[in-house]
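Undergrad: coords below, sequence missing:
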């Protein structure tokens, strides 16, 4: 039976790994918003150029109907929206169909349709990708929690898999006091953006604003929505990671849990006070007695046992009930998963998403008498084993996806600056692909690490084995 420090550390590492997935998606989402803002810039500028005189247009002129040529072009545009609108809602598709069949439409309304299309497209892709992200986080959180739990206790037993239907039921469970699900929040944010853009556009035309000011004002509304979207992704990621731990703890008959806070200069007073608190599983409620306690919360939970006698009783009950086997400390997650999770119910992982990042140079692993000593330590978080890169190889496809030079905040930068030196603003989170020297031979892996110019590269770990 492992001590509290073990449980706290393993659950913290697991939580950080899951939230890293959310950080990467939030970065990609931010890029989508920036592309939408650029497209809006183009559409508003083109609209003013076509209908305004000396960059000015009155409300009366804006409300003039499109002529036959303009109406035909508008219909072509709308038809393209419908044709390429796989992620659009049925409601918006219906409105587009109605718009394409209209014989009269004003200049202003035609622009509003184009701007709303950008908001609807963002909403559709965000909803689909967020649902996929949260499904992955819940599934990975559930099984990795079970793996850490059984490995920590040194004994394992079979678990049933998670079907798509079961995960959808979890995603449909509201966890906040207002009873809204993440789908509801995405819709509310989209509707607020559409209403704000329409109101601002009309008011700016009424005031005779120049196109550059109109573009700036509309872009500001999309930036507000972008920040809301990022906050939503990270908060929901934390919530479903917590829900996965709760459901897994319940299935494993854990009776109590402890709250684990990330204690650094960014920790809020509430999380600092809750750190170390122990509660009964019957009291587990995301957002109230379990994380996240607020947006961007970094707390997680760990199983709690008052003493070893609790586990003795628990293990006896399990032994009497059926199949039990030892889980050695060296067992990997993949080995455990193949042995523990019912094969017929295993679900395939979603294809990897592409995320924006800063490309970097390949890192050459030296080949010399002292190369081993200078090689990087790379930890397998599943087993705690340390590996090294094969001498003479390279860490390839290096990318920096958080921190200095990117649009994504590296939220742990201050911790690493305090630990190794340098300024927090200069630290980065990077990843690449390399070949590791293992007892089973050379193995390829996706590896992550932190780095700071003039300080060095630190804390390499295996994100995923590629074989």
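TA: Good, I have the coordinates. Since we're looking at a predicted model, the values are computed, not measured.
Undergrad: looking at the protein, which helix or strand is least sure?
TA: Least confident helix or strand of the chain, by mean pLDDT, DSSP states H and E, is helix 308-321 with a mean of 40.
Undergrad: check contacts around residue 110.
TA: Shown in contact with residue 110 (C-beta atoms under 8 Å, 6 or more residues apart in numbering): 66, 70, 74. All C-beta atoms are positioned from the backbone trio N, CA, C, and that covers glycine.
Undergrad: now do 10 Å
TA: Contact analysis of residue 110 by C-beta atoms under 10 Å, 6 or more residues apart in numbering lists 47, 51, 62, 65-66, 70-71, 73-74, 77-78, 99, 102.
Undergrad: same question, residue 227
TA: 30, 33.
Undergrad: go with 7 Å
TA: Contacts for residue 227 (C-beta atoms under 7 Å, 6 or more residues apart in numbering) come out as none.
Undergrad: A strand includes it, no?
TA: No. Under the criterion used here (DSSP: H, G, I helix; E, B strand; the rest coil), residue 227 is helix, not part of a strand.
Undergrad: residues making contact with stretch 78-86?
TA: Contact partners of stretch 78-86, identified using C-beta under 7 Å, 6+ apart, comprise 93, 96, 97, 99, 100, 113, 117.
Undergrad: ok, the second one to residue 115 distance?
TA: Between residue 96 and residue 115 the distance, using C-beta to C-beta, to the nearest Å, works out to 13 Å.
Undergrad: run through the stretch 151-300 of the chain and note the low-pLDDT ranges.
TA: 152-163, 177, 263-265 (pLDDT under 70).
Undergrad: could you redo the last one with a cut-off of 80?
TA: 151-180, 182, 200, 204-215, 252, 262-267, 295-296 (pLDDT under 80).
Undergrad: and the residue nearest the centre of the chain, what does it touch?
TA: Nearest to the mean C-alpha position of the chain, by C-alpha atoms, centre = their mean, lies residue 22 at 1.5 Å. Contact analysis of residue 22 by C-beta under 7 Å, 6+ apart lists 133, 233, 234, 237.
Undergrad: circling back: tabulate the contacts of residue 110 (JSON lines), appending pLDDT and secondary structure.
TA: Output for the contacts of residue 110, formatted as JSON lines (pLDDT from 0 to 100; DSSP: H, G, I helix; E, B strand; the rest coil):
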{"residue": "47", "pLDDT": "87", "secondary structure": "helix"}
{"residue": "51", "pLDDT": "85", "secondary structure": "helix"}
{"residue": "62", "pLDDT": "83", "secondary structure": "helix"}
{"residue": "65", "pLDDT": "89", "secondary structure": "strand"}
{"residue": "66", "pLDDT": "87", "secondary structure": "coil"}
{"residue": "70", "pLDDT": "85", "secondary structure": "helix"}
{"residue": "71", "pLDDT": "86", "secondary structure": "helix"}
{"residue": "73", "pLDDT": "86", "secondary structure": "helix"}
{"residue": "74", "pLDDT": "85", "secondary structure": "helix"}
{"residue": "77", "pLDDT": "85", "secondary structure": "helix"}
{"residue": "78", "pLDDT": "84", "secondary structure": "helix"}
{"residue": "99", "pLDDT": "83", "secondary structure": "helix"}
{"residue": "102", "pLDDT": "81", "secondary structure": "coil"}
